[in-house]
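Asker: with the input below, show me the fold.
(one chain, ligands or ions: 1)
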Amino acid sequence: MIPIVDVTAQYLTLQHELDAAMRQVLAGGQFILGPNVTAFENEVASYLDVPYAVGLNSGTDALVLALRALDIGPGDEVITTPFSFAATSEAIASNGARAVFADIDPATFNLDPAAVAAAVTPKTQAIIVVHLFGQPARMEEIGAIASRHGLAVVEDCAQAFGATAGPQFVGTIGDIGCFSFFPSKNLGAYGDGGMITTRSEAIARRVRALRAHGAARKYYHDELGMNSRLDELQAALLRIKLPHVQRWNEMRAAVAKRYREGLKGRGDIALPVETPGTRHVYHQFTVRVPERDHVRERLLESFVQTMVYYPLPLHLQPVHRELGYSAGDFPEAEAAARGVLSLPMFPELSAGDQDTVIDRLRELVPAAVA
Ligand SMILES: Cc1ncc(COP(=O)(O)O)c(C=O)c1O
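Answerer: Below you'll find the model as predicted:
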């Protein structure tokens with residue numbers, strides 16, 4: 001089977017260092033908020049060129065605490081994309097605010113700035129952009145809308161560590177960047193992990209307290225928080241991986257290039273579109289094909305694993321029933337959910353395996369005039 005992702009390949013190449021770091025933490029006896037968490041926060045801040053980074057338990061918590069630090073709650077609206085992982089809108093709802101969806105640009109799968117502008121109401125407090133599949137969202141246009149209406153911008157960078165829009169890394173452009181270190185991400189831990197990044201000292205301080213039960217000073221609780229700390233073991237392992245993430249992202253770009261060359265000229269296979277001026281880090285290589293489910297099943301029969309991210313847009317998820325959306329409200333997101341197919345994508349994917357994926361797909365999707 002050619003897997004969609006192989007999370008053990010990187011362990012094998014860095015086994016010696018990872019094992020040593022793990023043993024050091026186990027023997028050191030400090031497992032929560034120790035020197036590795038602090039060092040990893042500083043190293044990420046320096047890599048991304050942003051003043052503050054705060055390690056958290058997951059990307060989901062990063063989104064939840066980002067909104068909390070912006071004082072977003074009941075009565076507030078937050079605009080976001082209906083074409084994302086559930087955590088994006090879950091974070092809005094779990095803070096008691098209302099998720100207001102805006103449709104996507106069909107070429108990039110990211111928020112369409114015109115749709116965002118049309119969704120602003122007097123209750124809107126923030127926009128959560130998602131850099132889906134590793135492709136930066138249109139930050140300049142969205143930033144302009146936010147400044148016009150005095151809105152905060154939260155970047156969901158779970159799938160986009162190392163991506164850039166203009167000269168800046170994603171996660172450093174809006175007010176708060178939210179990262180996930182879920183094992184299959186571009187920078188993946190060996191368990192859950194997350195982080196927020198920000199230029200605001202006040203936001204960083206607030207999130208540091210919120211991750212520790214709302215206590216800026218131990219055992220003195222200023223507000224309701226939660227337990228959401230990046231653990232020392234994950235931080236130690238992530239520190240070993242961070243210096244390699246640039247190279248891994250370049251390897252992903254090379255895999256993407258080979259897919260493009262192998263699949264070009266097949267008019268019925270829509271390839272990912274790169275937004276000019278941005279660096280896509282190919283967390284996923286997501287195409288659109290006709291008869292997607294049929295193609296997916298046939299690929300699986302030929303031992304090629306693919307995934308559908310995501311089969312049901314967020315506005316149609318039962319959990320958001322009370323928001324009152326229905327089918328047809330966001331036609332581009334709905335069409336994407338019907339047509340997308342993510343192909344095997346990880347830095348170590350071999351050229352031979354990639355060629356097998358390309359050949360099978362070319363056999364399955366009949367050529368059409370491009
Ligand atoms: C777009 C997006 N947002 C948020 C998350 C949540 O991250 P985590 O799984 O670390 O909670 C993920 C990944 O799982 C994601 O893909």
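Asker: only C-alpha atoms from now on, for both contacts and neighbour counts.
Answerer: Noted.
Asker: okay, now Pro313: neighbour count?
Answerer: Neighbour count of Pro313, defined by other Cα atoms under 10 Å: 22.
Asker: what pLDDT does the model give it?
Answerer: Per-residue pLDDT puts Pro313 at 98.
Asker: quick check: the single nearest residue of the stretch 101-250 of the chain relative to the ligand vs His294, distance?
Answerer: Of all residues in the stretch 101-250 of the chain, Ser180 sits closest to the ligand, at 4.0 Å by Cα to the nearest ligand atom. From Ser180 across to His294, the span is 32 Å (Cα to Cα, to the nearest Å).
Asker: between these two, who's got more neighbours?
Answerer: Ser180 (31 against 12).
Asker: so the more buried one touches Asp61, yeah?
Answerer: No: contact criterion Cα atoms under 8 Å: Ser180 and Asp61 do not qualify, at 9.2 Å.
Asker: contact residues of the chain facing the ligand?
Answerer: Of all the residues in the chain, those in contact range of the ligand (Cα under 6 Å from any ligand atom) are 58-60, 84-85, 87-88, 156, 158-159, 180-182, 192-194.
Asker: near Tyr11, how many other residues are there?
Answerer: 14.
Asker: contacting residues around it?
Answerer: Residues near Tyr11 by Cα atoms under 8 Å, 6 or more residues apart in numbering: Leu18.
Asker: so where is this structure shaky, pLDDT-wise?
Answerer: 367-370 (pLDDT under 70).
Asker: domains in it, by residue range?
Answerer: With automatic domain parsing as the criterion, the domains of the chain are listed as 9-243, 245-364.
Asker: what's the most buried one of the ones you listed?
Answerer: Of these, the one with the most neighbours on average (mean count of other Cα atoms under 10 Å) is domain 9-243, at a mean of 21.
Asker: now do that one: distance from first to last residue.
Answerer: 16 Å.
Asker: and the strands in the stretch 151-300 of the chain, which stretches?
Answerer: 152-156, 164-165, 168-169, 176-180, 194-198, 278-279, 285-288 (DSSP state E, counting those that start in this stretch).
Asker: contact partners for the residue of the stretch 101-250 of the chain closest to the ligand?
Answerer: Per Cα under 8 Å, 6+ apart, neighbours of Ser180: 58-60, 62, 157-159, 188, 192-195.
Asker: switch the cut-off to 6 Å
Answerer: With contact taken as Cα atoms under 6 Å, 6 or more residues apart in numbering, Ser180 is in contact with 58-59, 158, 193-194.
Asker: equivalent analysis for Thr60, please.
Answerer: Contacts of Thr60 (Cα under 6 Å, 6+ apart): Ala87.
Asker: ok, now with 10 Å
Answerer: 66, 86-91, 156, 158, 178-180, 192-195 (Cα atoms under 10 Å, 6 or more residues apart in numbering).
Asker: among the contacts of Ser180, which one sits closest to His280?
Answerer: Comparing the contacts of Ser180 against His280 with Cα to Cα places Ala158 closest, at 13.3 Å.
Asker: isn't that closest one right next to His283, touching?
Answerer: Yes: between Ala158 and His283 there is a contact under Cα atoms under 10 Å: 9.4 Å.
Asker: could you say which helix or strand contains the nearest residue to Ser94 once chain neighbours are set aside?
Answerer: Nearest non-adjacent residue to Ser94, counting by Cα to Cα, 6 or more residues apart in numbering: Val64, 7.4 Å away. Here Val64, judged by DSSP states H and E, is contained in helix 59-69.
Asker: list of residues touching the helix or strand just after that helix?
Answerer: The C-terminal neighbour of helix 59-69 among helices and strands, as given by DSSP H and E, is strand 77-80. The contact list for strand 77-80, computed with Cα under 10 Å, 6+ apart, reads 67, 72, 88-89, 92-93, 96-104, 110-111, 115-117, 119-130, 151-154, 314.
Asker: sheet partners, orientation included, of strand 77-80?
Answerer: strand 98-101 (parallel), strand 124-130 (parallel) (DSSP bridges).
Asker: CA atoms only: put whichever helix or strand comes after it into CSV for me.
Answerer: Moving toward the C-terminus from strand 77-80, the next helix or strand (DSSP H and E) is helix 87-94. Presented in CSV, the C-alpha positions along helix 87-94 are these (Å, rounded to 0.1, in the frame of the first residue of the first chain):
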residue,chain,number,x,y,z
ALA,A,87,-11.8,22.4,15.1
THR,A,88,-12.0,25.8,13.3
SER,A,89,-15.7,26.4,13.9
GLU,A,90,-15.8,24.3,17.1
ALA,A,91,-13.4,26.8,18.7
ILE,A,92,-15.9,29.6,17.9
ALA,A,93,-18.9,27.7,19.2
SER,A,94,-17.2,26.4,22.3
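Asker: so how far is helix 87-94 from its chain's centroid?
Answerer: Relative to its parent chain, helix 87-94 has a centroid offset of 14 Å by Cα atoms, centre = their mean, to the nearest Å.
Asker: spit out the contact partners of Val154.
Answerer: Going by Cα under 10 Å, 6+ apart, Val154 touches 63, 66-67, 70, 78, 80, 126-130, 171-178, 196, 198.
Asker: list the beta-bridge partners for it.
Answerer: Ile128, Ile176.
Asker: how far away is it from Val340?
Answerer: From Val154 over to Val340 (counting by Cα to Cα), the distance is 26 Å.
Asker: what residues are shared contacts of Ser180 and Asp61?
Answerer: The contact lists of Ser180 and Asp61 share 193-196, where a contact means Cα under 10 Å, 6+ apart.
Asker: of those residues, closest to Asp231?
Answerer: Distances from Asp231 to the shared contacts of Ser180 and Asp61, taken by Cα to Cα, are shortest for Gly193, at 7.8 Å.
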